Every structure is written in structure tokens, then in C-alpha cells.
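**Student:** Give me a model of this one.
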Amino acid sequence: MNNTVEASGSCLCGKVKVVAAAMATESGCCHCGSCRKWGGGPMMTVECNTEVSFEGEELIRVYASSDWAERGFCANCGSHLFYRLKPTGQYYMPVGLFDGDNPRQFTHQVFIDEKPDYYDFANRTHNLTGEQIFAQFAEQQQGEN
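**Tutor:** Modelled structure (predicted):
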């Protein structure tokens, strides 16, 4: 992750608060079928590394959405809180969760091969297919071992 800032926010009802110590200043979008089914459309995310703390953790419910990732949400209001990689504990969080106007550029889209034809973003971004993103994560894990 290149440039980061500390950021804080909350779920819709405010009962779960979050602080990300190292939120990326670039955001992205996931078009995979799971993200679209979870939120009704593409998931606009920002990488927050592993240094994320929560207040109101007793309200966080976690769903293991795949062998390699899980999704967290507020049990009170249903707000999406995170997408977390199981092997690394790395968080990807909805950009709208954070307060203020943190500097974020929309720079990348993943699972572009699963994006339906009924929407497009005007921004020029770096686009990765599902196969490319899985290969990238495999390379990162091999480098850590």
C-alpha cells in the first residue's frame, strides 16, 4: 500500500465505530458476484491493511463467504463493515463507512470480467479479472513465505 491516512467512521446506526490506522488514499471497486449479491451492486472499497479497531464489536457478525475471505456487518442496522482476507487478516472496507472527505482516488476495479453490462464507470482505472487478482494474491503469499 502506497499512501495511507488514519480514518474513522461508523455504521449507519452508529453503534459500531471503526478506526483504520492505515487506510489507503486510493479506492477501488469489486464486481464479483458475491459483492454484487451482498450489496445489490458493485462494492466500492478502500484497503485498510490489518490495523483496524472496532468499538461495538459485540454487534459485528461475520459471514465466511468463501474459503479465503469473510464479510462483516452490523447486526443492528445491517451496514457492511468489511471484507477480510482470511490468510492475512487484511481489511477492505466500504469507502462510505468513513467520515469526512478523506483523500481517495478511484483507481482500480477487480473482477472486471464479472461486471454486468448494465453499468459502467467513467473513470479510467486499472482493471483486473478474477484470474489476475487470484494470481496477484498467490504471488503475495509466496513472497511472504
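
**Student:** Could you use CA atoms for every contact and neighbour count after this?
**Tutor:** Will do.

**Student:** quick one: low-confidence parts of this structure?
**Tutor:** By pLDDT under 70, the low-scoring segments of the chain are 1-2, 103, 140-141, 144-145.

**Student:** Go ahead and flag the most central residue of it.
**Tutor:** residue 92 (2.6 Å; Cα atoms, centre = their mean).

**Student:** Spell out the residue ranges of the strands in the chain.
**Tutor:** 4-10, 17-24, 26-30, 43-49, 52-55, 60-63, 69-74, 80-85, 91-94, 105-110, 126-128 (DSSP state E).

**Student:** Name the single longest helix found in the chain.
**Tutor:** helix 130-144 (DSSP state H).

**Student:** That one vs strand 105-110, what angle?
**Tutor:** Between helix 130-144 and strand 105-110, the angle comes out at 100 degrees (axes from the mean of the first three to the mean of the last three Cα atoms, to 10 degrees).

**Student:** And the contacts of helix 130-144?
**Tutor:** 32, 110, 111, 112, 113, 114 (Cα atoms under 8 Å, 6 or more residues apart in numbering).

**Student:** What of stretch 75-90?
**Tutor:** Against stretch 75-90 from outside (Cα under 8 Å, 6+ apart): 11-13, 15, 47-50, 59-61, 67-74, 91-94, 97.

**Student:** how close does residue 105 get to residue 82?
**Tutor:** 19 Å (Cα to Cα, to the nearest Å).

**Student:** Between those two, point out the one with more neighbours.
**Tutor:** residue 82 (22 against 14; other Cα atoms under 10 Å).

**Student:** Cheers, nothing more for now.
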